[in-house]
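[1] structural data only, the sequence is not supplied:
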């Protein structure tokens, strides 16, 4: 059984935090400066598309990275490409059609201790309840790009323990059933030691004139 077939059903959505409320400790810190991890991982590289992981940055309790998709041409197989992991969803007749599972880029993350997460099985960006004990928190962030390139940011909690962190991708449309690339958890944890906190999370600012 492959990685994506072994994943459980996604958890039910939980309530989001009120606007302006305190951020949860398992979400990306809002007032911290991360430390970079020098990795560039090539997951998929065909004549038409490439999927890479770069921009990995570590915080005290987690890390973030960018998943990048490059399209060599703006049209693949006579169909217009669309960004964000679902390239051809507009047919030659101009009619919109939902992408099939084969057409979609699948992406996941695996820790050495067995914790895992994947696109489509991610938790909401802000929730009141902590992730269940022993689960990996993989949350999507900002995304953007062009018809030939698309970048998506992801936040991961917690920091990995010992062993490799494995990035996994599958794109059946382009003949890739499962591709993997790894980075050692030690590199991420070492970088996290150099992350800086501007202000403690959820701590009110000091009265005017005291800073």
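    That came through fine. Please read all numbers here as calculations on a predicted model, not as lab measurements.
[2] just the helices in the chain please.
    With helices called from DSSP state H, the chain shows them at 185-192.
[3] low-confidence stretches in it?
    9-23, 25, 74-102, 120-134, 201-211 (pLDDT under 70).
[4] what ranges do the strands span in it?
    Taking DSSP state E to define them, one finds strands in the chain at 32-33, 35-36, 41-45, 49-58, 63-71, 75-76, 79-80, 106-110, 116-118, 137-146, 149-157, 164-171, 176-184, 196-197.
[5] nearest spatial neighbour of residue 33, chain-adjacent residues omitted?
    If the residues on either side of it in the chain are set aside, residue 33 comes closest to residue 196, at 4.3 Å by C-beta to C-beta, 6 or more residues apart in numbering. C-beta: built from backbone N, CA, C; applies to glycine.
[6] the one you found and residue 60: what is the separation?
    From residue 196 across to residue 60, the span is 9 Å (C-beta to C-beta, to the nearest Å).
[7] more neighbours, the two?
    The residue with more neighbours, out of residue 196 and residue 60, is residue 60; 16 against 11, by other C-beta atoms under 10 Å.
[8] okay, now the closest residue to that one other than its chain neighbours: neighbour count?
    Residue nearest to residue 60 in three dimensions, not counting chain neighbours: residue 195, with 5.4 Å by C-beta to C-beta, 6+ apart. Around residue 195 there are 18 other residues, counting by other C-beta under 10 Å.
[9] and for stretch 159-170, what's in contact with it?
    Applying C-beta atoms under 8 Å, 6 or more residues apart in numbering, the contact partners of stretch 159-170 are 2-4, 41, 43-44, 51, 53, 58, 61-63, 105-113, 118, 176-186, 188-189, 192.
[10] please check those residues and keep the buried ones.
    Taking 16 or more other C-beta atoms under 10 Å as the criterion, what is buried in the contacts of stretch 159-170 is 3-4, 41, 43-44, 51, 53, 58, 61-63, 105-111, 118, 176, 178, 181, 183-185, 188-189, 192.
[11] hang on, the earlier thing: which neighbours do residue 196 and residue 60 have in common?
    Joint contacts of residue 196 and residue 60 (C-beta under 8 Å, 6+ apart) are residue 32.
[12] one step back: surely the residue nearest to residue 33 meets residue 32?
    Yes. Look at residue 196 against residue 32 with C-beta atoms under 8 Å: they come within range, at 6.6 Å.
[13] could the strands of the chain be laid out in a markdown table, adding distance to residue 26?
    What follows is the strands of the chain, written out as a markdown table (distance: least, C-beta to C-beta, whole Å):
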| stretch | distance to residue 26 |
| --- | --- |
| strand 32-33 | 14 |
| strand 35-36 | 19 |
| strand 41-45 | 24 |
| strand 49-58 | 15 |
| strand 63-71 | 13 |
| strand 75-76 | 38 |
| strand 79-80 | 39 |
| strand 106-110 | 15 |
| strand 116-118 | 13 |
| strand 137-146 | 6 |
| strand 149-157 | 5 |
| strand 164-171 | 17 |
| strand 176-184 | 21 |
| strand 196-197 | 16 |
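[14] out of these, which gets nearest to residue 8?
    For the strands of the chain, proximity to residue 8 was assessed by C-beta to C-beta; strand 116-118 is nearest, at 9.4 Å.
[15] now for the closest one, which elements pack on it?
    Strand 116-118 sits against strand 106-110, strand 137-146, with contacts defined as 3 or more C-beta pairs under 8 Å, 6 or more residues apart in numbering; DSSP states H and E.
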